[in-house]
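Student: give me the fold of what follows.
(one chain, ligands or ions: 2)
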Amino acid sequence: MQTQRLRIAIQKKGRLSKECQDLLKRCGVKFNMMGERLVVHAENMPIDLLLVRDDDIPGLIMDGVVDLGVIGENELEEVGLERAARNEACDYITLRRLDFGGCRLSIAIDKDADYNGPQDLNGKRIATTYPQLVKRYMDDIGVKFTTCMLNGSVEVAPRAGLADAICDLVSTGATLEANGLKEAEVILRSKAVLIQSTETISNEKQALIERLLIRIQGVIQAKE
Ligand code: PRT
Ligand code: ZN
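Tutor: Ligands and ions are numbered 1, 2, ... in the order given. Purely as a prediction, here's the structure:
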C-alpha cells in the first residue's frame, strides 16, 4: 500500500528509541511522541513514524511495508538469515551506519573454564536469541554445536544448567561478569543502521530520503 508520505519504522521503546528520535529531531523533523500511538505524523514534512518492536523492523522493510527503518545490525542480519532460510524476501539497502547502538555479539563461557580457541566450543550447547548468526559463525569455522533458543535471560542459562555457553549482546561486559561468564569469541560487531526497502518509490519520496541523508551526515559530523 503506497502512501505519499515517507514511512520510517523506529523502535518504540528500548535502547535505540531515544537516539533515533534525537537524530530525526536534529535533522529538522518535527513530531510529538504522545501516548501509545503506533503512527506519529511529522508536522513539517511528509513523514510518518511507525513505532514498533525492533524485531518487526527488518520484516517491515523486507516486505516493503515501510520505506525506511532504523535497526541494530544484529537484529537485521538475524532476521535476514531466518527469512532467507524460509525463502522469503530478505533484500534491503543500507543507507548509512549510525553512531549509536554499538555492541558486539559474543560467545561467552564460564569465567573459570579453560579456553584456547573456538575448537573448545566443539559439541557445546549454546543458549542464544540469535541462532542464525551463531550457526553462520560455527559453520564458517567448522565447529559442531547445538543451540538452546531463549528470548530473555540468556546469561543465566549456563548457571541454570540449560547450556554450556551463551551467545548474546555485550556492551560494557558487566552482565557477563555478574553472571560468572567471560567473553570467548566476538562473532559480530553491530551498530544501528538506516535501511531502505527495495520497493520502487516515487521521485518525491526518493528526493526526501536524499535530503534526510545529507542532514544525517551533517548531524553525525557535527558530533565527531
Ligand atoms: O522491545 P523491543 O523488542 O523493541 O526491544 P529489545 O528488548 O529486543 O531490544 P533492546 O532495546 O534491549 O535493544 C535494541 C538494540 O540495541 C539491540 O538489538 C542492539 O542492536 C542494541 N544494543 C546495544 C544492545 C546493547 N547494546 C546491550 N547491551 N542490546 C542489548 N543489550 C543487552 C544485552 O542483551 C545484555 O543483556 O544488555 C546486556 C549487556 O550489556 P552490558 O553493558 O552489561 O555488557
Ligand atoms: Zn526486540
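
Student: ok, the closest residue to Asn179 other than its chain neighbours - contacts?
Tutor: With Cβ to Cβ, 6 or more residues apart in numbering as the measure, Glu155 is the residue that lies nearest to Asn179, at 4.4 Å, once sequence neighbours are left out. (C-beta placed from N, C-alpha, C; glycine too.) With contact set as Cβ atoms under 8 Å, 6 or more residues apart in numbering, Glu155 has these partners: 108, 166, 168, 175-176, 178-179, 181.

Student: quick check, Glu155 in a strand?
Tutor: No: with the criterion set as DSSP: H, G, I helix; E, B strand; the rest coil, the secondary structure at Glu155 is helix rather than a strand.

Student: host element of the residue of the chain most remote from its centre?
Tutor: Going by Cα atoms, centre = their mean, the residue of the chain most distant from its centre is Asp114, 31.4 Å out. Following DSSP states H and E, there is no helix or strand that holds Asp114.

Student: could you number the chain from 48 rather than 1 from now on?
Tutor: With the count now opening at 48, the last piece we talked about shows up as Asp161.

Student: which residue is the nearest non-sequential neighbour of it?
Tutor: Going by Cβ to Cβ, 6+ apart, Asp161 has Asp167 as its nearest residue, at 7.3 Å.

Student: for the one you found, which three-state class applies?
Tutor: Taken by three-state DSSP, the conformation at Asp167 corresponds to helix.

Student: can you list contacts of the longest strand seen in the chain?
Tutor: Ranked by residue count under DSSP state E, the longest strand found in the chain is strand 228-237. For strand 228-237, the surrounding residues in contact (Cβ under 8 Å, 6+ apart) are 119-121, 124, 148-158, 160, 162, 165, 167-168, 180-181, 184, 202, 205, 212-214, 216-217, 220, 223.

Student: and these, which are buried?
Tutor: 119-121, 124, 148, 150-157, 162, 165, 167-168, 180-181, 184, 202, 205, 212-214, 216-217, 223 (16 or more other Cβ atoms under 10 Å).

Student: quickly list what the spatially most central residue of the chain is bridged to.
Tutor: When the chain is reduced to its mean C-alpha position, the nearest residue by Cα atoms, centre = their mean turns out to be Gly119, at 2.2 Å. The residues listed as beta-bridge partners of Gly119 by DSSP bridges are Ala239.

Student: mind pulling up the pLDDT for it?
Tutor: At Gly119, the model reports a pLDDT of 99.

Student: cool, Gly127 as well?
Tutor: Confidence per residue is given as pLDDT, and for Gly127 that number is 98.

Student: also Gln49?
Tutor: 62.

Student: next: Val87.
Tutor: Looking at Val87, the pLDDT reads 97.

Student: just the element for the closest residue in space to it that isn't next to it in sequence, please.
Tutor: Taking Cβ to Cβ, 6+ apart as the measure, Val87 lies nearest to Leu96, with 4.5 Å between them; neighbours along the chain are not counted. Secondary structure from DSSP H and E places Leu96 in strand 94-99.

Student: mind checking which of the contacts of strand 228-237 are in strands?
Tutor: Here DSSP E is the test, and the contacts of strand 228-237 give 119, 150-157, 212-214, 216-217 as lying in strands.

Student: ok, the residue nearest to the centre of the chain touching Gly148?
Tutor: Yes: applying Cβ atoms under 8 Å, one finds Gly119 in contact with Gly148, separated by 5.1 Å.
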